[in-house]
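In: here are the coordinates; sequence isn't available:
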């Protein structure tokens, strides 16, 4: 039987998941990656039950669960260490149908890559969309090695997506969200700690265990776009968070300055008119970049990949399949982008009065039990793959 060709531009988490899902549908897939090697940018990633169920479709969910750390009881704190909100891991798993887990991005990328045959991924290969195609002709990409034609092109090339610009040149693109982030991974501190996110005035800190015995720490603070520390980013974190509660000082003392990553946060707060044009689709940050305030960026990319493959079944007309993909994904991700933006604004409050009110409200909600706290993820973490995409058996 003839195999139709799909080309995925970008070998991040969303692009690799899409490649696996499309191959499972019978597509002949090529992944083009601009970078010379698959070295994931970032440190840790949290996968919620919605993304784990999406990975179950590919038979990978249980492997991820086995490699990751399952988030235990924790919550939200103030910089002085006082708990404002306590979370119940069992209550969350019961409500959303599974745990929240954390692992290193490189671990997830390696797992996804291992499912693809050698030769599918072509690194050091920049690609430009020359023609998105339509119902009567294939899409066309230009590369340094010549043109590629494909019945389906998937733009998974990140927040500054060249594929998105080619499809929607009039769209304003990503906007600066007003704050920057830092991430690092260190060995676990000697003194135990509970997973937590700590909200201060115009800055936050989070500490989560990884499945390999290390700890993932992340921080965010209001800053001008493009700013950098005058010395190094670890020193900047010490200035901002060095007097916060345990284990923050211990983590900063153990962090390698060269291993502290800093990135400004941009998001597509202005939604695209569609996630496709012709035979070309967008997914992940290329389609709906969001602030990290809900921890859903990578999770939504994984969802995208599964839904895209679901609609592009063998024999389906690609233009109609991609219209169905847009119809299913655009409203959901637009709502999550906006919810993440609202949460980001709450975390970055700077007024003493506003911060005191925020903290008091959070503490009051927590007193009513975990159910009220968890309602913020209703409609997100309880997502399930499209009907008919039964979980695959892990080999």
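Out: Cool, got the structure. Because the structure is a prediction, the values reported are computed rather than measured.
In: was I right to think residue 76 contacts residue 196?
Out: Yes. Contact criterion CB atoms under 8 Å: residue 76 and residue 196 qualify, at 7.0 Å. Where you see a C-beta, it was placed from the backbone N, CA and C, and this is true even at glycine.
In: wait, residue 164 sits on residue 174?
Out: No. Residue 164 is beyond contact range of residue 174, at 9.5 Å (criterion: CB under 8 Å).
In: between those two, which has more neighbouring residues?
Out: residue 164 (27 against 19; other CB atoms under 10 Å).
In: which residues touch residue 252?
Out: 234, 237, 238, 241, 242 (CB atoms under 8 Å, 6 or more residues apart in numbering).
In: what's near enough to touch the third one?
Out: Each residue near residue 238 by CB under 8 Å, 6+ apart is listed here: residue 252.
In: where does the one residue sitting closest to the centre of the chain sit: helix, strand or coil?
Out: Closest residue to the average C-alpha location of the chain: residue 298 at 1.8 Å, with CA atoms, centre = their mean. What DSSP: H, G, I helix; E, B strand; the rest coil gives for residue 298 is helix.
In: isn't it right next to residue 17, touching?
Out: No. Judged on CB under 8 Å, residue 298 makes no contact with residue 17 at a distance of 9.5 Å.
In: show me how far the longest helix anywhere in the chain is from its chain's centre.
Out: The residue-count maximum for a helix in the chain (DSSP state H) belongs to helix 318-347. Counting by CA atoms, centre = their mean, to the nearest Å, helix 318-347 is centred 13 Å from the centre of its parent chain.
In: what residues sit buried inside that helix?
Out: 318, 321-322, 324-326, 328-330, 332-334, 336-337, 339-341, 343-344, 347 (16 or more other CB atoms under 10 Å).
In: ok, now stretch 25-44?
Out: Going by neighbour count (16+ other CB under 10 Å), the buried part of stretch 25-44 is 25, 27, 29, 30, 31, 32, 33, 38, 40, 42, 43, 44.
In: now do stretch 355-369
Out: Those would be 355, 358, 359, 362, 363, 366, for stretch 355-369 by 16+ other CB under 10 Å.
In: residues touching the first one, list them.
Out: Pointing back at residue 355 there. So residue 355 contacts 199, 200, 201, 349 (CB under 8 Å, 6+ apart).
In: skip the chain neighbours and tell me the closest residue to the first one.
Out: Computed as CB to CB, 6 or more residues apart in numbering, the closest residue to residue 199 that is not its neighbour in sequence is residue 347, at 5.6 Å.
In: ok, that neighbour - contacts?
Out: Per CB under 8 Å, 6+ apart, neighbours of residue 347: 199, 204, 220, 293.
In: now do the helices in this structure.
Out: 13-24, 49-57, 61-67, 89-96, 105-114, 162-167, 233-241, 248-254, 285-288, 297-311, 318-347, 352-366, 370-374.
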